[in-house]
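Peer 1: Pasting the sequence and the predicted coordinates here, then a few questions.
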Amino acid sequence: MSEIEKGNFKEFSDEELMALVKTGEEKAFEELYQRYSKRMLFYFHRSFFGDSEKAQDFLQDLFLKIIEKSSYFDVDKKFSTWIYTLASNLCKNEYRKIAVRKSYSENYRKRAIPQKVTAQSPGKEYDYRLFSLNLDRELGLMNENHRMTFILRHQQGLS
């Protein structure tokens, strides 16, 4: 009886498991999930600044994408590179969505904040504008590629 018939996939490489996932082998997918789910959850957790709910959602999305896009995986390439590429792309797409929402929100906020300082709260309004400007400037300095590179190198131990 072969290892596949026994359902024992522990000895298989990631690439061999993906070849089996392409054929619909659920146990091979489960083994990949066991090998990578904790690492990928940690990756998403760090990518989204400790947001555990978002990290869980993205972990599910990632493994769903692995199933849906299994035919795109080249078994001659490293699976770990492919899964981190998928994860990175999910993060980048989310960052873009956040940037669009932020831009819309900033435009809305600029219209909503009174342009004149009122006699009731001159310090509060000034502090709010100053804080918003400084926060936007600092966030603008962050490069998502550098952040991803740092996480992959120093948190995931990848080259």
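Peer 2: The structure has been received and is ready for your questions.
Peer 1: For Phe33, which residues are in contact?
Peer 2: Quick fix: residue 33 is Tyr, not Phe. The contact partners of Tyr33, by CB atoms under 8 Å, 6 or more residues apart in numbering, come to Phe63. Quick note: C-beta positions are derived from backbone N, CA and C, even for glycine.
Peer 1: Helices along this structure, start to end?
Peer 2: Remark: helices assigned in the chain by DSSP state H are 3-6, 14-22, 26-47, 52-68, 79-112, 122-141, 144-150.
Peer 1: Let's have the ones you listed in CSV, adding mean pLDDT.
Peer 2: CSV is the format used below for the helices of the chain (pLDDT from 0 to 100):
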stretch, mean pLDDT
helix 3-6, 60
helix 14-22, 95
helix 26-47, 95
helix 52-68, 96
helix 79-112, 80
helix 122-141, 63
helix 144-150, 64
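Peer 1: closest to Leu158 out of those helices?
Peer 2: The closest of the helices of the chain to Leu158 is helix 79-112. By CB to CB, the value is 6.9 Å.
Peer 1: one step back: among the helices of the chain, which is nearest Gly157?
Peer 2: helix 26-47 (9.5 Å).
Peer 1: Excluding residues flanking it in the chain, which one is nearest Gln56?
Peer 2: Closest residue to Gln56 apart from its sequence neighbours, by CB to CB, 6 or more residues apart in numbering: Leu41 at 7.1 Å.
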